[in-house]
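Undergrad: okay, predicted coordinates and the sequence, questions at the end:
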Amino acid sequence: MFDAQCDLAALVYEAHQDPDAVLRSFAADLNARGCRVVGMVQAGQCADSSLSAVLLHSGETLLLARDFDPAARGCRLDLARLQNAGMRIADALSHGADLVIINRFGKRERDGKGLSHLIGRALDADIPVVIAVGRDHFADWIKFAGGMSVRLGCERDALEAWWRSISTSNARLDVGSHPTVRRNSEVNDLNCRTRVLAREVLTASRRLPLSQPRRQ
């Protein structure tokens, strides 16, 4: 059911764990290595007005909570603001990415709403995706993903091991039957730098003026 080299990963967390801190730290380190991480992590609590999201590709914080209402109960998520965040991520994704991070898989994603469309869009572009999934939602996640995902514990080491695995596999490099962590890290960084260079070349080519026809 689970493929360790699958480009789709679920970071499965318990109620006492903080998947956002794990994903935020991981994304920051990848960006520092030259990778481009697109997506968002949650900040604040779902049940109050502090609910917001941090866009990993820009560092910008977006409010996701509804305007304050003293009579409101339960989750304060504003669906229009979530949709706007999804549009911002989709726009960033159109400029390329090495990894997409989605902050949560919940009831909306289970029903094909929320940010679920970004998962398919990234995978169609051969971009790996990792998403935080609560243990109580994992059965729904398996149905959503059709079993085609890898389950990760909510810890940094699990993320790093998965990233090394898919980076080495995608690079199609023969590094021996027991590659070292250092060698895999070098492959990861090389992949990221290559992608960065390719994006810069593409951007520069778009800025070049069109050539004029030569006069006879």
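TA: Nice, thanks for sending it over. Residues are numbered from 1 along each chain as shown.
Undergrad: what are the boundaries of the helices in the chain?
TA: For the chain, the helices defined by DSSP state H occupy 19-32, 79-93, 107-110, 116-124, 138-145, 156-171, 181-207.
Undergrad: in the fourth one, what's buried?
TA: Judged by neighbour count (16 or more other Cβ atoms under 10 Å), helix 116-124 contains these buried residues: Ser116, Leu118, Ile119, Arg121, Ala122, Leu123. For every residue, glycine as well, the C-beta is placed using N, CA and C.
Undergrad: packing partners of that helix?
TA: For helix 116-124, the elements it packs on are helix 79-93, strand 99-105, strand 129-134, judged by 3 or more Cβ pairs under 8 Å, 6 or more residues apart in numbering; DSSP states H and E.
Undergrad: for the buried residues of helix 116-124, which one is nearest Cys154?
TA: Ile119 (18.9 Å; Cβ to Cβ).
Undergrad: grab the nearest non-local neighbour of that closest one.
TA: Val129 (5.4 Å; Cβ to Cβ, 6 or more residues apart in numbering).
Undergrad: for that neighbour, which residues are in contact?
TA: Neighbour list for Val129: Asp7, Leu8, Ala9, Leu99, Val100, Ile101, Ile102, Leu118, Ile119, Ala122, Leu123 [criterion: Cβ atoms under 8 Å, 6 or more residues apart in numbering].
Undergrad: swap in Arg88?
TA: Leu55, Leu62.
Undergrad: again, 10 Å this time
TA: Val38, Met40, Ala53, Leu55, His57, Ser58, Glu60, Leu62 (Cβ atoms under 10 Å, 6 or more residues apart in numbering).
Undergrad: same deal with Ala92?
TA: Arg36, Val37, Val38, Gly39, Met40, Leu55, Leu56, His57, Ser58, Val100.
Undergrad: lowest-confidence helix or strand of the protein?
TA: Lowest by mean pLDDT, DSSP states H and E among the helices and strands of the chain is helix 181-207, with a mean of 44.
Undergrad: low-scoring stretches of the protein, by residue?
TA: Within the chain, the set of residues satisfying pLDDT under 70 comprises 1-5, 45-49, 66-76, 169-216.
Undergrad: if you set the cut-off to 80 instead, what comes out?
TA: Counting by pLDDT under 80, the chain has low-confidence residues at 1-5, 44-50, 66-77, 168-216.
Undergrad: picking up where we left off before, from the buried residues of helix 116-124, which is closest to Ser94?
TA: Distance to Ser94 across these (Cβ to Cβ) is lowest for Arg121, with 9.2 Å.
Undergrad: isn't that closest one up against Ile102?
TA: No. Contact between Arg121 and Ile102 fails when scored by Cβ atoms under 10 Å: they sit 11.1 Å apart.
Undergrad: need the residues touching each of the two.
TA: Common neighbours of Arg121 and Ile102 (Cβ under 10 Å, 6+ apart) are Ile89, Val129.
Undergrad: OK, contacts around Asn103?
TA: Going by Cβ under 10 Å, 6+ apart, Asn103 touches 19-20, 23-24, 39-43, 53-54, 56, 64, 85, 114-115, 131-132.
Undergrad: any idea how far it is from Gly34?
TA: 23 Å (Cβ to Cβ, to the nearest Å).
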